[in-house]
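[1] turn this into a structure:
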Amino acid sequence: MKKVLIVDDSMLMRQLLTRILDSSPGLRVVGAAADPYEARDMIKRLHPDVITLDVEMPRMDGITFLGNLMRLRPMPVVMVSSLTERGAEITLRALELGAVDYFAKPSVDVSRGLAGYAEEIAGKVISAAHAHVTPLERRPKSAPHQGAGAQQRHAADVIPGKSGNSSRFVAKGGIIGIGASTGGTEAIKEVLSELPPDMPAIVVCQHIPAAFSGPFAARADKQSRMRVAEACDGQPIQAGHVYIAPGDRHLLVRRDGARYVCQLDDGLPVNRHKPSVDVMLQSLAHSAGPNAIGVILTGMGCDGAAGMGAVKKAG
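    Presented below is the predicted three-dimensional model:
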């Protein structure tokens, strides 16, 4: 049984999260703190396995508390964030400091909003509780790089279409598809920071809200020698570039003559996700065939498994 400490200045949020997490097998809420000072005392007394931490609180903000925690007593933390540009920047900074994951605080009708994805929240907290967290100063730091459709119901395997035989066509260069979920933003940045600028093109599907994908791409661009940007519909896919799926669209790879292009799709979620790793990798396998390489990083759930199978089958 994993012990959870909730840190949030909102009494309503503390009550709702306690109800959600206490009803999940494997979790027990041992305390709920209204601010980081209360949380500090509860950590010493209750020894929680995982913490949910609000970003904005009185007396001390969540980022400052997280930085202190990761230096002095590192433990798994799941951030509670708002779906705004500022919330995205702060949450990405929290992930850099060592937070394992985050979930969004609904802007309206908080009670119903949280209840709608209670299972996902509990899953994130359970996954985080099993994470191995290292002290802040021990983490490797990447050197920044200087310089520069109608909605339809579908399953992942039908989005790319069935016409043609991609294995008979070999376009110039290959494409790498990377999929990630929990903990993926920092893992992706770490991978990209080690790659040379003349790599084949890379398309990335990270389970991330719409407000987060643009800031995430901008941060990754500063860490990489490749050019990293949020993908645009119809954009040519070029070597040395990384294309991040927008947080509210599926990213597909389409063949256009002798080149590949990005296609954004506003269809329904697949495997409960939009963007979906399966959608991206299925399209990559269909369009690039033996030129495709599939990579799965970390996370929870099965999104990406079928796509990796398709890449393997395509050669």
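
[2] which SSE is I20 in?
    In the assignment (DSSP states H and E), I20 maps to helix 11-22.

[3] quick one: S287 from C262, how far?
    Counting by CB to CB, to the nearest Å, the gap from S287 to C262 is 11 Å. Heads up, the C-betas are built off the backbone N, CA and C, glycines and all.

[4] would you mind measuring the gap between the ends of stretch 104-121?
    When the termini of stretch 104-121 are compared using CA to CA, to the nearest Å, they are 9 Å apart.

[5] ignore what I typed, I meant stretch 285-292.
    Between the opening and closing residues of stretch 285-292 lies a distance of 6 Å (CA to CA).

[6] buried stuff in it?
    The neighbour-count check on stretch 285-292 (16 or more other CB atoms under 10 Å) flags 285-289, 291-292 as buried.

[7] would you check which pair of these lies furthest apart?
    H286 and N291 (11.6 Å; CB to CB).

[8] re the thing from before, model confidence over the helix holding I20, on average?
    The average pLDDT for helix 11-22 rounds to 94.

[9] stretch 302-315 too?
    Per-residue pLDDT values over stretch 302-315 give a mean of 95.

[10] how much space between V261 and I293?
    When V261 is compared with I293 (using CB to CB), they lie 18 Å apart.

[11] neighbour count winner among the two?
    Set side by side, V261 and I293 show unequal neighbour counts under other CB atoms under 10 Å, the larger going to V261 at 18 against 15.

[12] buried sites along the stretch of helix or strand the more buried one belongs to?
    Secondary structure here is read from DSSP H and E; on that basis V261 sits in strand 259-265. The neighbour-count check on strand 259-265 (16+ other CB under 10 Å) flags 260-265 as buried.

[13] skipping adjacent residues, who's closest to A220 in space?
    Computed as CB to CB, 6 or more residues apart in numbering, the closest residue to A220 that is not its neighbour in sequence is V228, at 4.5 Å.

[14] what residues are up against that neighbour?
    When contacts are counted by CB atoms under 8 Å, 6 or more residues apart in numbering, V228 is found next to 192, 217, 220-221, 241-242, 244.

[15] please, which helix or strand holds it?
    Going by DSSP H and E, V228 is part of strand 227-230.

[16] partners of that strand, with directions?
    Here the strand partners of strand 227-230, with direction, are listed using DSSP bridges: strand 241-244 (parallel).

[17] any idea how far the strand it pairs with is from the chain center?
    Centroid separation for strand 241-244 versus its chain: 15 Å, with CA atoms, centre = their mean, to the nearest Å.

[18] just to check, R73 is in contact with I43?
    Yes: counting by CB atoms under 8 Å, a contact exists between R73 and I43, whose distance comes to 6.8 Å.

[19] the two - which one has more neighbours?
    Looking at R73 and I43 with other CB under 10 Å, you find the greater number of neighbours at I43, namely 20 against 12.

[20] which residues sit against the strand or helix carrying the more buried one?
    Assignment of secondary structure by DSSP H and E places I43 within helix 36-46. Defining contact as CB under 8 Å, 6+ apart, one finds that helix 36-46 is touched by 3, 5, 7, 30-31, 33, 48, 51, 53, 57, 59-60, 62, 64-65, 69, 73, 75.

[21] got the buried residues for stretch 189-199?
    Within stretch 189-199, the residues that qualify as buried by neighbour count (16+ other CB under 10 Å) are 189, 191-193, 195, 199.

[22] do the same with stretch 19-26
    For stretch 19-26, the neighbour count (16+ other CB under 10 Å) marks 20-21, 24 as buried.

[23] between S287 and C262, which contacts overlap?
    When contacts are counted by CB under 8 Å, 6+ apart, S287 and C262 have 253-254 as shared neighbours.

[24] for the worst-scoring helix or strand of the chain on mean pLDDT, list the C-alpha coordinates in CSV.
    When the helices and strands of the chain are compared on mean pLDDT, DSSP states H and E, helix 110-116 comes out lowest with a mean of 78. Output of helix 110-116 as CSV, limited to C-alpha atoms (Å, rounded to 0.1, in the frame of the first residue of the first chain):
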residue,chain,number,x,y,z
VAL,A,110,-13.6,21.0,-10.6
SER,A,111,-15.5,18.2,-9.0
ARG,A,112,-17.0,16.8,-12.1
GLY,A,113,-13.8,17.4,-14.1
LEU,A,114,-11.6,15.5,-11.7
ALA,A,115,-14.1,12.7,-11.4
GLY,A,116,-14.1,12.3,-15.2
